[in-house]
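A.B. asks: this one's sequence-less:
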C-alpha cells in the first residue's frame with residue numbers, strides 16, 4: 001500500500017511540474033497576452049484553484065522527499081562529516097525542489113499576475129527576486145536544520161522541550177531581522193516625507209509609536225496591488241506604506257489603512273503571533289513525533305527528519321483553518337481600532353472599496369474558501385460594518 005501512495009505522490013509531482021514547465025516554456029517563447037477585461041471573480045477563482053493545487057503539490061512533494069528521495073540522498077552524504085550532513089541534506093533537497101518547482105513558481109507567481117494585469121514585472125526581475133528568496137530560505141533552513149540536528153543528537157529525549165522553549169526567541173528574532181535585513185533585499189525603503197508623514201506620526205504618537213520609522217517602498221516593482229504594514233519589536237518598529245497605496249489612495253483613506261495596521265501594534269498582535277506560533281509549534285512537534293513513533297521510528301537519522309517534516313506539515317495543513325480563524329478575528333479587531341483612532345469610518349469604507357478594485361479582490365469568497373484559507377474577513381462584511389457606523 002505504501003508503494004502505491006509513494007508512486008501516486010511521485011506521479012502527481014512529476015506530472016504537475018511537467019505541465020507547468022511546458023506552460024513556462026511556451027510563455028518564454030511567446031508571452032501570453034494580458035486579459036483584456038479581467039474581473040475579480042475570475043481572478044479569485046483562478047487563485048483558489050492554484051491554492052488548492054499548491055496544497056496538494058506541497059504535500060505530495062514532502063511525501064516524495066520523505067519516502068522516496070531522502071534515503072539515497074542520506075547514503076550519498078555518508079562521507080560528509082556528521083555535523084555537516086543536515087545542512088548538506090537541506091541544500092541538496094532544496095536544489096532538487098527548486099529545479100523541479102521552477103516552472104510552477106514562474107507560471108503561478110509571474111505569468112498569472114501578469115496576464116491578469118496585476119504586475120508589469122519582467123521575467124528577469126522576477127527571476128532575480130526568486131533566486132534571492134530561495135537563497136534566503138535555504139540559508140535559514142540550513143542553519144535551523146544544523147542546530148536542530150545537533151540538539152537532537154545531544155539530547156535525544158529532551159529536544160522537543162528545547163525546541164519549544166527556543167521558539168519564542170526565534171520568532172522574536174525574525175521580527176527584528178526580517179524588516180531590517182531581509183526585506184531590503186527585495187525593495188527599496190525610503191523615509192516618507194510631507195503632510196501624510198506628519199499625519200501618520202501624529203496618529204502614531206498618540207499610541208506610543210511616534211518614534212517609529214515611517215517608510216515607503218517600491219512595491220510597484222512586483223505588483224500593482226496596494227499594501228501597508230507595521231512591523232518590528234524592541235524599538236525596531238516600522239510603519240511601511242507601498243508606493244501603490246500612497247499614489248492611488250486619498251490621504252484620509254491611507255490614514256485609515258495605517259490606523260488599521262497600527263492597531264496590530266497597539267493591541268500587541270506581534271506578541272500574540274509569537275505566543276500562538278509557540279503553541280502551534282508545540283502541537284506540531286507533538287503530533288509529528290507521535291506519528292513518527294507510531295511508524296516504528298525515532299528522530300535519529302536524516303530520513304527520520306524528512307518523515308517528521310512530512311507528518312508535521314500534514315498536521316499544519318489540517319489546522320490551517322483554525323489559524324485562519326484566529327487571524328480573521330485579529331483583523332476585525334484592528335478594523336475596530338482604526339475607527340476608534342480616526343473617527344472616520346467613511347474613509348475606511350472608501351479605502352476598502354478602493355483596495356478591492358485595485359487588488360482585483362472579490363467582495364466575498366465562497367464560504368468554504370473563507371473558512372479554510374482566508375486570513376481576512378470578506379471585504380463585503382468589512383465595508384458593511386464601516387458603513388453602518390458612518
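C.D. replies: That came through fine. Everything quoted here is computed from the prediction, not taken from an experiment.
A.B. asks: Residue 261: neighbouring residues, count only.
C.D. replies: 20 (other C-beta atoms under 10 Å). Where you see a C-beta, it was placed from the backbone N, CA and C, and this is true even at glycine.
A.B. asks: in which helix or strand would I find it?
C.D. replies: Residue 261 is part of helix 251-266 when elements are defined by DSSP states H and E.
A.B. asks: all strands for the stretch 151-300 of the chain, in order.
C.D. replies: Counting by DSSP state E, counting those that start in this stretch, residue ranges of the strands within the stretch 151-300 of the chain are 189-191, 213-217, 228-231, 238-242.
A.B. asks: which strands and helices sit next to the last one?
C.D. replies: Contact here means 3 or more C-beta pairs under 8 Å, 6 or more residues apart in numbering; DSSP states H and E; on that basis strand 238-242 packs against strand 213-217, strand 228-231, helix 251-266.
A.B. asks: For it, buried residues please.
C.D. replies: Neighbour-count burial for strand 238-242, counted by 16 or more other C-beta atoms under 10 Å, picks out 238-242.
A.B. asks: Which member of the residues you listed is positioned nearest residue 153?
C.D. replies: residue 238 (38.8 Å; C-beta to C-beta).
A.B. asks: Now for the closest residue to residue 179 other than its chain neighbours, how many residues are close by?
C.D. replies: Leaving aside its chain neighbours, residue 179 sits nearest to residue 231 (4.6 Å; criterion: C-beta to C-beta, 6 or more residues apart in numbering). Neighbours of residue 231 under the rule other C-beta under 10 Å: 20.
A.B. asks: from memory residue 231 sits against residue 238, does it?
C.D. replies: Yes. At 5.3 Å, residue 231 counts as touching residue 238 under the criterion of C-beta atoms under 8 Å.
A.B. asks: Stretch 221-240: which residues count as buried?
C.D. replies: So stretch 221-240, judged by 16+ other C-beta under 10 Å, has buried residues 221-233, 237-240.
A.B. asks: What's the end-to-end length of that stretch?
C.D. replies: Using C-alpha to C-alpha, to the nearest Å, one end of stretch 221-240 lies 16 Å from the other.
A.B. asks: The stretch 151-300 of the chain: helices as residue ranges?
C.D. replies: Here the stretch 151-300 of the chain has its helices, by DSSP state H, counting those that start in this stretch, at 159-177, 195-205, 243-248, 251-266, 269-294.
A.B. asks: okay, those in JSON lines with distance to residue 371 and mean pLDDT next?
C.D. replies: Below are the helices of the stretch 151-300 of the chain laid out as JSON lines (distance: least, C-beta to C-beta, whole Å; pLDDT from 0 to 100):
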{"stretch": "helix 159-177", "distance to residue 371": "26", "mean pLDDT": "91"}
{"stretch": "helix 195-205", "distance to residue 371": "34", "mean pLDDT": "93"}
{"stretch": "helix 243-248", "distance to residue 371": "28", "mean pLDDT": "94"}
{"stretch": "helix 251-266", "distance to residue 371": "22", "mean pLDDT": "93"}
{"stretch": "helix 269-294", "distance to residue 371": "18", "mean pLDDT": "93"}
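A.B. asks: just to revisit the earlier point, now the angle between helix 269-294 and the helix holding residue 261, please.
C.D. replies: 50 degrees (axes from the mean of the first three to the mean of the last three C-alpha atoms, to 10 degrees).
A.B. asks: Please compute how far helix 251-266 lies from its chain's middle.
C.D. replies: Using C-alpha atoms, centre = their mean, to the nearest Å, the mean C-alpha position of helix 251-266 is found 21 Å from that of the whole chain.
A.B. asks: Would you mark the buried spots in it?
C.D. replies: 253-266.
A.B. asks: Pull the residues that contact that helix.
C.D. replies: 195-196, 199-200, 203-204, 207-209, 228-230, 237, 239, 241, 245-246, 249, 269-270, 330, 333-338, 341-342, 344, 347-348, 350-351, 354-355 (C-beta atoms under 8 Å, 6 or more residues apart in numbering).
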